[in-house]
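K.L.:
what shape does this take:
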Amino acid sequence: MPGLCLQSEQAMAMACLLLADEIAVKLFFMDEEALQIDQVKQYLQSAYEVDVAERAYQSVLNWAAKNPVRFEDLKAPDSPNKGEVWGKIDETVLVINRDVLLEYLDKNGFDYTAVSRKWNEKGYLKRTPQGKFVHNTKVYGIKSSYVKFNLPQEDDVTDENGFMQVEEQENLPFD
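P.N.:
Numbering: from 1, shown residues only. Now for the predicted structure:
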C-alpha cells in the first residue's frame, strides 16, 4: 500500500479480514465483490498515528493494576505480598523500580529511552530536582532507583469505575 505505513499487527489483521471476505465472496456470495484495500484503508492507522508512548503508558498502568500485590509493603502486618516489591502506588503517583520497569517494557516491545521522552512531554513522569527521570529514593525502606509516573486523576475522562469514556463508537464497513 503506497503511502500507508501500517503497524504490523494491524496490517496482518486487515489482511486476514480481506482474505476471509474474498473467500466468502467466492464460496457464498458470488454476486458480490470482495472488499478492496481502498475501501478499508480509511479505518487503518498509519504508524505515525499510532502513539507508541501512549500505548506503553497505558500498558504500564494496566500491568500495575493487574499486579497490585507487588506494590504492597511486604513488612506490613497481614500484607498479601510474600514476594518481590516492585514499587508503590499512591493516590497520584505510581513508583516503579527502574529495573523492573525496563524488563517489563523490553518484554512488551517498548523502548524505554524512546517512550520516556514522550512520557515526559505528556506530563506522565515526575522528574527529580536535577531534571532526571530516575529517582534514587526509598520505597518501604528499600533504597533503589525508581521511575515515578503521574496517575490519571478524577478530572480525566473516566467514569466512576475508572473506565475511559468513549465519545463515539467507530463503525466499520462490514455488516
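K.L.:
from here on, just use CA atoms for contacts and neighbour counts.
P.N.:
Will do.
K.L.:
pull the helix or strand with minimum mean pLDDT from the protein.
P.N.:
Of all helical and strand segments in the chain, the minimum by mean pLDDT, DSSP states H and E falls on helix 37-40, at a mean of 77.
K.L.:
and it, how far out from the chain middle?
P.N.:
Distance of helix 37-40 from its chain centroid, counting by C-alpha atoms, centre = their mean, to the nearest Å, is 28 Å.
K.L.:
following that helix, which helix or strand shows up next?
P.N.:
Once the chain leaves helix 37-40, the next helix or strand it forms, by DSSP states H and E, is helix 52-66.
K.L.:
name the helices or strands packed onto that next one?
P.N.:
Applying 3 or more C-alpha pairs under 8 Å, 6 or more residues apart in numbering; DSSP states H and E, we find helix 52-66 packed against helix 112-122.
K.L.:
OK, contacts around residue 142?
P.N.:
Going by C-alpha atoms under 8 Å, 6 or more residues apart in numbering, residue 142 touches no other residue.
K.L.:
paired strands for the longest strand along the chain, with orientation please.
P.N.:
Secondary structure assigned by DSSP state E gives strand 142-150 as the longest strand of the chain. Within its sheet, and counting by DSSP bridges, strand 142-150 is paired with strand 93-97 (antiparallel), strand 125-126 (antiparallel), strand 134-139 (antiparallel).
K.L.:
show the pLDDT at the residue located most distally from the centre of the chain.
P.N.:
Counting by C-alpha atoms, centre = their mean, the extreme residue of the chain relative to its mean C-alpha position is residue 31, 42.5 Å from that point. For residue 31, the pLDDT comes out at 87.
K.L.:
any idea which of the strands paired with strand 142-150 gets closest to residue 116?
P.N.:
strand 125-126 (7.8 Å; C-alpha to C-alpha).
K.L.:
tell me the mean pLDDT for the closest one?
P.N.:
Averaging pLDDT along strand 125-126 gives 94.
K.L.:
list of residues touching that strand?
P.N.:
With C-alpha under 8 Å, 6+ apart, strand 125-126 has contacts from 116, 119-120, 133, 147-150.
K.L.:
ok, now stretch 86-106?
P.N.:
Contacts of stretch 86-106 (C-alpha under 8 Å, 6+ apart): 56, 70-73, 111-112, 134, 139, 144-153.
K.L.:
filter those to the buried ones?
P.N.:
56, 70-73, 112, 134, 139, 145-151 (16 or more other C-alpha atoms under 10 Å).
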